[in-house]
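1. Below is the sequence, then the predicted model.
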Amino acid sequence: MNLFEKQYQEILHFLQFEDYTLTLKRIIDLTLDTEDISFYRKTYELLQWVDFNESNLEEKKERYSSILNELYQFLSKKTIHNPNPLLIVENIKNAYSKSSFSLGPINIKIAEGEIIGLVGENGNGKTTLLRALCGELLPTEGKVSYLFDYKDDYELRSQLIYIPQRTNTWYGSVLDNLRFTAASYDSMGEENELLVDLIISRMGLRNYRNYKWKNLSSGYKMRFELVRMLLRKPKLLLIDEPLANLDILAQQTVLDDFKAIAKSPFRPLGIVLSSQQLYEVEKTSDQVIFLKHGEQKNLKSETTGDHETELQELIIEFESEWTQEQLYAVLKQLSLSKLQYNGGSFISHFPDTISINNFLQIIIDNNVPIKYFRNISNSTRRFFV
């Protein structure tokens, strides 16, 4: 089963369990994958029907099933795109003569269809790295190589787009701005109107089409910027703190949107996003880069002096009412090597011969009260301890 088949089966499951919101989003994704104006019209007509028949669940299911079947018949004959490498970063550094801070060395490889999470505390170089990747900052050492064709810097910036955390003020309505953007990138007439409407709906802005900048929340301003960038059909999106100012549900929704957009079988693109929300980002990302004092940290190893050693341990974060002394007395039975108390949680280190099941069994056997636990052996959370 190829990637398209897997995604299509997933959409059918959404429809089966009556998750109509997610099903409609995926219908729009498949419609955009066709790059065929006749399908644009059909899905636009479906959106118009949904506007006035939201509660008609029986007919809604029939209409969704019908268009999904048509999309499947069309796309199953289309060649799936083989993801290409987009960018290689080799030992780049950015140093400043009037500051003690320096970024690097950084090494990254990014391909189409990949999501790269960039995490770390404030002031550790995330924005600096994003600006270096898009060419706004030239590295003082090392090299950034773009592995796709472009004629000049203007075309490079069209294909490799940086969305800062704070976006510029714009004037007029959301709809007028986005139609102008689409026209600037050769989408005219009926195609312009249909394409803009589809992507607006895909990103949850359909009910905000006539809003102006001052009327949108910061979260919706970020969505607007994302729609504007997607209309430019980029190869790589670099997004600075897209989850800031969003509640947890909105964060998860946006990350799910990023994943669906990046991993299109026919139009994949790369995404690099920075965030403080490390658990949410880790669930979505193909790889996570942690920056501390400007340096890149490796999840699988630990640097001591000039040497890097591979980590071979189980690290569990948990919360308990017991004292550190009480917990140590129980957990030492599992060859506990370290027990730290950090910000209301305990961080326990065990040899890699110990499993999470061993940990849970001894917790149960000794009636240890725990409110929460998480295996952070392969999480950037361990760098925050």
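-> Nice, I can see it. Numbering: from 1, shown residues only.
2. And the helix or strand where Phe39 lies, what's buried?
-> Taking DSSP states H and E as the criterion, Phe39 maps to helix 37-52. Residues Phe39, Tyr40, Lys42, Thr43, Tyr44, Leu46, Leu47, Val50 are the ones in helix 37-52 that count as buried (16 or more other C-beta atoms under 10 Å). C-beta here means a position set from N, CA and C on the backbone, and glycine is covered the same way.
3. again, but for stretch 65-85
-> Result for stretch 65-85 [16+ other C-beta under 10 Å]: buried residues Ile67, Leu68, Glu70, Leu71, Tyr72, Phe74, Leu75, Pro83.
4. hmm, back to that, would you format the buried residues of helix 37-52 as CSV with pLDDT and distance to Ile347 included?
-> Converted to CSV, the buried residues of helix 37-52 look like this (pLDDT from 0 to 100; distance: C-beta to C-beta, whole Å):
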residue, pLDDT, distance to Ile347
Phe39, 98, 52
Tyr40, 98, 52
Lys42, 98, 54
Thr43, 98, 49
Tyr44, 97, 52
Leu46, 97, 50
Leu47, 97, 49
Val50, 95, 48
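5. Now these in a markdown table, please, with extra columns for distance to Leu243.
-> Formatted as a markdown table, these follow (distance: C-beta to C-beta, whole Å):
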| residue | distance to Leu243 |
| --- | --- |
| Phe39 | 32 |
| Tyr40 | 30 |
| Lys42 | 34 |
| Thr43 | 28 |
| Tyr44 | 30 |
| Leu46 | 30 |
| Leu47 | 27 |
| Val50 | 28 |
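6. What ranges does the stretch 251-385 of the chain have for its helices?
-> Ranges of helices within the stretch 251-385 of the chain are 278-284, 324-331, 356-365, based on DSSP state H, counting those that start in this stretch.
7. Tell me which of those is the most buried.
-> Most buried of the helices of the stretch 251-385 of the chain by mean neighbour count (mean count of other C-beta atoms under 10 Å) is helix 278-284; its value is a mean of 18.
8. Can you verify Thr167 is assigned to a strand?
-> No. Under DSSP: H, G, I helix; E, B strand; the rest coil, Thr167 sits outside any strand and is assigned coil.
9. my guess is it contacts Glu225, does it?
-> Yes. When contacts are counted by C-beta atoms under 8 Å, Thr167 is listed as touching Glu225 (5.1 Å).
10. Going by mean pLDDT, which of the helices of the stretch 251-385 of the chain comes out lowest?
-> Lowest mean pLDDT within those: helix 278-284, at a mean of 86.
11. Contacts for that helix, please.
-> 115, 117, 119, 243, 248, 251-252, 255-256, 258-259, 273, 275, 288, 379-381, 384 (C-beta atoms under 8 Å, 6 or more residues apart in numbering).
12. buried stuff in stretch 223-239?
-> Quick answer for stretch 223-239 (16+ other C-beta under 10 Å): 223-232, 234-239.
13. before we move on, what about stretch 194-207?
-> Leu194, Leu195, Val196, Asp197, Leu198, Ile199, Ile200, Ser201, Arg202, Met203, Gly204, Leu205.
14. Same question for stretch 155-164.
-> Quick answer for stretch 155-164 (16+ other C-beta under 10 Å): Leu156, Arg157, Ser158, Gln159, Leu160, Ile161, Tyr162, Ile163.
15. So of those, which two are at opposite extremes in space?
-> The most widely separated members of those, counting by C-beta to C-beta, are Leu156 and Ile163 (15.9 Å).
16. Excluding chain neighbours, what is closest to Tyr40?
-> With C-beta to C-beta, 6 or more residues apart in numbering as the measure, Leu194 is the residue that lies nearest to Tyr40, at 4.0 Å, once sequence neighbours are left out.
17. my guess is the one you found meets Arg41, correct?
-> Yes. Counting by C-beta under 8 Å, Leu194 touches Arg41, with 6.5 Å between them.
18. Next step: the buried residues of stretch 155-164 restricted to helices.
-> Leu156, Arg157, Ser158, Gln159 (DSSP state H).
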